[in-house]
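Engineer: Next one to model:
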Amino acid sequence: MNLWGPYKVANITRAHYFPTIVDDFTRNTWTPLLQNKSQAKNAIIQLYNMLETQFNTKIKLIRSDDGTEFNNDFFFDFFITKGILHKKSIVKTPQQNGVAERKHKHLLDTARALWFHARLPKRFWGECILAATHIINFLPMENLK
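Structural biologist: Prediction:
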């Protein structure tokens, strides 16, 4: 996972950020819109609960950059309690978090194309991210046949 933002223009829900959370196997992606970085905590807890309830599965490992949004006492305690390993990349080496970084680029490129072709005001950037995530999640994946 990785956090993008802040965007200079708040979207229609006043969001400035979004985390890109990618399942390593399926490449399924979640991008909840956040008004500030501190909301990342709730987004991760909601995702954890949804995956556990809807898919009867557990998160075993989380890989993120060394940003403060995922590297704090709250997440340290949460990951320990849930038995989740947290692998952090070395500072200024986005290559080590390559899946999330590439997915970020793909989402942003797709969202910009949607925004540009729809001729929407800038405050709809978040909805373009959500639409891009939805579209990309439905693309066929070779590894899943």
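
Engineer: From here on, just use CA atoms for contacts and neighbour counts.
Structural biologist: Noted.

Engineer: Look up phi and psi at Pro19.
Structural biologist: The phi/psi pair for Pro19 (degrees, to the nearest 10) reads phi -90, psi 140.

Engineer: no wait, Ser64
Structural biologist: Dihedral angles (degrees, to the nearest 10) for Ser64: phi -150, psi 170.

Engineer: same deal with Phe70?
Structural biologist: Residue torsions, per degrees, to the nearest 10, at Phe70 are phi -120, psi 0.

Engineer: ok, the residue nearest to it when sequence neighbours are not counted to Val99 distance?
Structural biologist: Of all residues not flanking Phe70 in the chain, Ser64 sits nearest, at 7.3 Å (Cα to Cα, 6 or more residues apart in numbering). Going from Ser64 to Val99 by Cα to Cα, to the nearest Å gives 10 Å.

Engineer: do the same with Phe25
Structural biologist: 11 Å.

Engineer: ok, those two, which is more surrounded?
Structural biologist: Val99 (19 against 8; other Cα atoms under 10 Å).

Engineer: quick check, distance from the helix or strand harbouring the more buried one to the centre of its chain.
Structural biologist: Element membership for Val99 (DSSP states H and E) is helix 98-118. Remark: helix 98-118 is offset 12 Å from the chain centroid, using Cα atoms, centre = their mean, to the nearest Å.

Engineer: show me where pLDDT drops low in the chain?
Structural biologist: Counting by pLDDT under 70, the chain shows low-confidence ranges at 91-92, 94, 96, 143-144.

Engineer: ranges for the helices of it?
Structural biologist: 40-54, 73-82, 98-118, 125-137 (DSSP state H).

Engineer: just to revisit the earlier point, can you pull the buried residues of the helix holding Val99?
Structural biologist: Buried residues in helix 98-118, counted by 16 or more other Cα atoms under 10 Å: 98-101, 103-104, 107-108, 110-112, 114-115.

Engineer: Thank you, goodbye.
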